[in-house]
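In: fold the stuff below for me.
(one chain, ligands or ions: 2)
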Amino acid sequence: MSLLKRLEQGQGKEKPEKPQAAPAGLPGGGSPPPAGQPGGGEGGSRLASLQQRRSGPAGAEGARDTYFDLKTRVQNRLLAELDPSMDVTRVAEVRKAIQELFEQILSEESIVLSRPERARLFEAIVAEIIGFGPLQPLLEDESVTEIMVNGAKNIYVERKGRLHRVPVTFESDDHVMRIIDRIVAPLGRRIDESSPYVDARLPDGSRVNAVIPPISLVGPSLTIRIFAKSPITVEQLIGFGAITPEAMQFLKACVEARLNIVVSGGTGSGKTTMLNILSGFIPDDERIVTIENAAELQLRQDHVVTLESRPPNIEGRGEVTIQHLVINSLRMRPDRVVVGEIRDGAALDMLQAMNTGHDGSMTTAHSNGPRDTISRIETMCLMAGFDLPVRAIREQISSAVDVILHSERLRDGTRKTVNITEVAGMEGDVVTLTDLFIFEQTGYEGGKVAGRLRPTGLRPKFMDKIEAAGIHLPASIFGMGRTR
Ligand SMILES: Nc1ncnc2c1ncn2[C@@H]1O[C@H](COP(=O)(O)OP(=O)(O)OP(=O)(O)O)[C@@H](O)[C@H]1O
Ligand SMILES: [Mg+2]
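Out: Numbers count the residues shown, from 1 in each chain. Ligands and ions are numbered 1, 2, ... in the order given. Below is the predicted model:
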């Protein structure tokens, strides 16, 4: 469902009540609006607030693209003539009003356009007034999973795991800035020279990161991870060849038997997707608390409390970290704590939660492999600043974490589970790991990686826990009885 449709149906998680940024990216326009602060006085979501911010007469800088000139001219007239009391969150109404005036202006100015040109111009103007400008069509394109803006003229998207440059551009860096403001202002966040990067979310839940000059040397940069309208299912993962049915059956048993799981992998390797799948195996009668920086998990269960961290406000106060939320969650009588991602000292609290009766908890971590996951968690625990001896941390890790599932984005763009590893215990000062499943690549043909996630033939030490939960897994899952 398109973002626009979503807005029309009022299903956005947060309605863009107070669009702050100027709608029009206009050549020859005035200075860009200030980085929007929420609730910037009267106006709110009224169209009037947009009209005040619209740019001056078009064409002052002369030879710009004629399409932009035309768009700007029609757009400015539209903004001048639309009813200022109109609430821009009432998308269908605004769209209709724009449509009527748009037709009128074209005919008054004797602008002759073909039907497709007319439709394109209309959609571009609507996107500027009530959408996200040039990004709007990309946001509505179901095949796009990520949008990357590297300055005004350099835009890439990811489709099916591969990057493509798209012929979409902003008019100028100011235009990109206005769209960034429009995204972050309704959330009470800001971006300016003194705080030049920000995490935010679109009304549909898509995760946004923006970095602006002087930190970004290529102009304002935006990265948008499109929120999956329908999250990837177990069947799809198996269908994509991301994991085998046997490995999935094993993981399901691990979740049901309340083992603690860390999903690791590189950036964009599919960690959150896998965490979502694993969380889906949690029985319906358990109380789940999820903790994330930007709520991405989409659990099917009813009894879920979703918590989201918060950056500090303009005065540097009010920050709520993942660590605060992990600690707080333990007072919420959770049966399971699911943490979107651990990056810092929160790891120590997470391990303690896992070790103190909140077993069956799950999280993700960035790493290059199962062994690296252990050392990253160790480093994160050191960041908690308690001056703990490394051995004590390793003991915590080995007793807390039962399984590491490592995913990778392979060079053909596919995301796959490449290791399922048991954290077996300690030998001396070293955490011992046992691979239960490993992805074996058998070839690379026609731009595709061939291979399969194979069992290693080893049974995990925690089988007794799985059996105690009344789950019987056939020995063949682990490849026993097979020749390898
Ligand atoms: N097995 C898969 N096959 C195809 N696409 C996948 C698979 N797993 C994830 N994806 C898609 O890949 C993108 C990145 O996935 P996801 O958000 O789970 O990655 P991540 O590792 O959590 O990323 P980040 O490090 O940025 O948090 C999403 O668009 C998701 O829908
Ligand atoms: Mg993620």
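In: not counting its neighbours along the chain, what's nearest V184?
Out: Distance criterion C-beta to C-beta, 6 or more residues apart in numbering; nearest residue to V184, sequence neighbours excluded, is A200 at 4.6 Å. C-beta: built from backbone N, CA, C; applies to glycine.
In: counting neighbours, what do you get for S110?
Out: By other C-beta atoms under 10 Å, 6 other residues sit near S110.
In: and it, that's in a strand?
Out: No - looking at S110 with DSSP: H, G, I helix; E, B strand; the rest coil, it is coil, so not inside a strand.
In: any idea how far the residue in the chain positioned nearest to ligand 2 is from E286?
Out: Nearest to ligand 2 in the chain, going by C-beta to the ion, is T272, at a distance of 3.3 Å. Per C-beta to C-beta, to the nearest Å, T272 is found 20 Å from E286.
In: more neighbours: these two, which one.
Out: Neighbour count, other C-beta under 10 Å: between T272 and E286, T272 has more, with 23 against 14.
In: I'd say P213 and Y197 touch.
Out: No - in terms of C-beta atoms under 8 Å, P213 does not count as a neighbour of Y197; the distance is 11.0 Å.
In: who has more neighbours, those two?
Out: Just comparing P213 and Y197: by other C-beta under 10 Å the higher neighbour count belongs to P213, 15 against 12.
In: contacts only, for the more buried one.
Out: Shown in contact with P213 (C-beta atoms under 8 Å, 6 or more residues apart in numbering): D173, P196, G219, P220.
In: what lines up beside the longest strand seen in the chain in the sheet?
Out: Looking across the chain with DSSP state E, the single longest strand is strand 430-445. According to DSSP bridges, strand 430-445 forms sheet pairs with strand 415-427 (antiparallel), strand 448-455 (antiparallel).
In: what residues does it touch?
Out: Taking C-beta under 8 Å, 6+ apart as the rule, strand 430-445 contacts 244, 247, 250, 370-371, 374, 394, 397-398, 404, 408, 411-412, 416-426, 449-456, 458, 460-461, 478.
In: pull out the buried positions in that strand.
Out: V431, L433, D435, L436, F437, I438, F439 (16 or more other C-beta atoms under 10 Å).
In: and R333, which of the three is it?
Out: Applying three-state DSSP: R333 is coil.
In: tell me the contacts of the closest residue in space to it that isn't next to it in sequence?
Out: Residue nearest to R333 in three dimensions, not counting chain neighbours: R287, with 6.4 Å by C-beta to C-beta, 6+ apart. Contact analysis of R287 by C-beta under 8 Å, 6+ apart lists H303, V305, M332, R333, P334, D335, R336.
In: residues in contact with the residue lying closest to the third one once chain neighbours are set aside?
Out: This points to M332. Nearest residue to M332 in three dimensions, chain neighbours excluded: V289, at 5.5 Å (C-beta to C-beta, 6+ apart). By C-beta under 8 Å, 6+ apart, the residues touching V289 are V304, V305, L307, S329, M332, P334, R336, V337, V338.
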